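[1] model this:
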Amino acid sequence: MKKIIAVIIVLISIQQFSFAQQNDAKATEILKGVSAKYKTYKSVQGDFNIVVENGKNNTKDVQTGTLFVKGEKYKVALKNQEITSDNVTIWTYLKDANEVQINTYEPDDNTITPSQIFTIYEKNFLYAFIEEKTVNGKVLQYIELTPIDKTKPFFKIKLAIDKVAKAVQSAIVFDKNGNRYTYEIKNFIANPNLADTFFTFDNKAHPGIEVVDLR
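    Okay, here's the model as predicted:
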C-alpha cells in the first residue's frame with residue numbers, strides 16, 4: 001500500500017538506458033508548464049486507475065479510486081480502504097474490518113506522495129522528452145524521469161502529459177524489484193471545495209470502529 005500511495009510509482013536495470021546528464025529543453029518547457037498550471041490550483045480532485053504488475057510472478061492487480069489534494073494534505077479513497085493525511089497524522093481506514101490505524105505522518109525521501117505527482121520533477125531528477133502522439137483524441141507528450149540518487153527503490157518514472165490541458169494524464173513507476181505501478185488520472189477537477197476537516201478522520205462517523213493508535 002505504501003507503494004500505491006507513492007504514486008507514485010522493472011524489467012531491466014537503469015544502466016541499460018542512456019540519458020544525458022543535462023535535462024533537455026523541450027522536457028523542461030513541458031514540465032514547467034504543468035507545474036505552473038498546477039500551482040494555480042488551491043485544491044484538486046481526480047478519479048484514477050492503478051495497475052500493479054508484479055514482475056516476479058507476472059500477476060496484475062487493478063484498483064480504482066479518487067484522489068483529493070489540498071496543499072500538502074491528501075485523501076486517497078479506494079474500494080476497501082481510505083488513506084487520509086493532514087500532513088501531521090495519517091489515518092488508514094479498513095472498511096471491511098471497520099478499523100482505523102493512526103500513525104504520525106513521516107514521509108521519507110523514497111516516498112512519492114499524491115501531493116507530489118504534478119511537481120515531482122522539480123527536485124533530484126533528470127528528465128528527457130521521449131515522444132508526442134495522439135491517443136483517444138488527446139495529444140500526449142511523454143517524458144521519462146530518472147532519479148539522480150541511484151539508491152532510490154525506483155529507477156524510472158514515465159509521465160504522459162496532456163499537451164492542451166497541461167496536466168499529467170498518467171504516470172508509470174518502475175521499481176528495482178521488477179514491479180510496475182501505472183497511475184492513470186481521470187475526471188480531473190480543479191479547485192473543488194474541500195474543507196481542512198475533510199483531511200482528518202472522524203471516529204464518531206463510524207459507530208463501533210476499532211481504533212489502533214500506532215503513534
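
[2] show me where this protein has strands.
    Secondary structure of the chain by DSSP state E: the strands cover 44-54, 59-70, 73-78, 81-85, 89-94, 99-104, 125-135, 138-147, 154-162, 167-175, 180-190, 210-213.

[3] Quick one, which of those gets closest to Ala36.
    strand 167-175 (11.8 Å; CB to CB). Quick note: C-beta positions are derived from backbone N, CA and C, even for glycine.

[4] now the closest one: how far from the chain's centre is it?
    8 Å (CA atoms, centre = their mean, to the nearest Å).

[5] which helices and strands sit right next to that strand?
    helix 25-38, strand 154-162, strand 180-190 (3 or more CB pairs under 8 Å, 6 or more residues apart in numbering; DSSP states H and E).

[6] quick revisit: would you mind telling me which of the strands of the chain is nearest Lys37?
    Evaluated over the strands of the chain, closeness to Lys37 peaks at strand 167-175, with 7.2 Å, by CB to CB.

[7] now the residue lying closest to Glu99 once chain neighbours are set aside: how far from Val100?
    Closest residue to Glu99 apart from its sequence neighbours, by CB to CB, 6 or more residues apart in numbering: Glu210 at 4.4 Å. Glu210 is 7 Å from Val100, where distance means CB to CB, to the nearest Å.

[8] and if you look at Leu78?
    Remark: distance between Leu78 and Val100 (CB to CB) = 14 Å.

[9] the more surrounded of these two?
    Legend: neighbour count by other CB atoms under 10 Å for Leu78 and Val100, higher for Val100 (22 against 17).

[10] thought that one was touching Val212?
    Yes. With contact defined as CB atoms under 8 Å, Val100 reaches Val212; the gap is 7.0 Å.

[11] coming back round to it: kindly reformat the helices and strands packed on strand 167-175 as TSV containing mean neighbour count, distance to Asp196 and mean pLDDT.
    Output for those, formatted as TSV (neighbours: other CB atoms under 10 Å; distance: least, CB to CB, whole Å; pLDDT from 0 to 100):
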stretch	mean neighbour count	distance to Asp196	mean pLDDT
helix 25-38	16	20	85
strand 154-162	22	29	89
strand 180-190	17	18	86
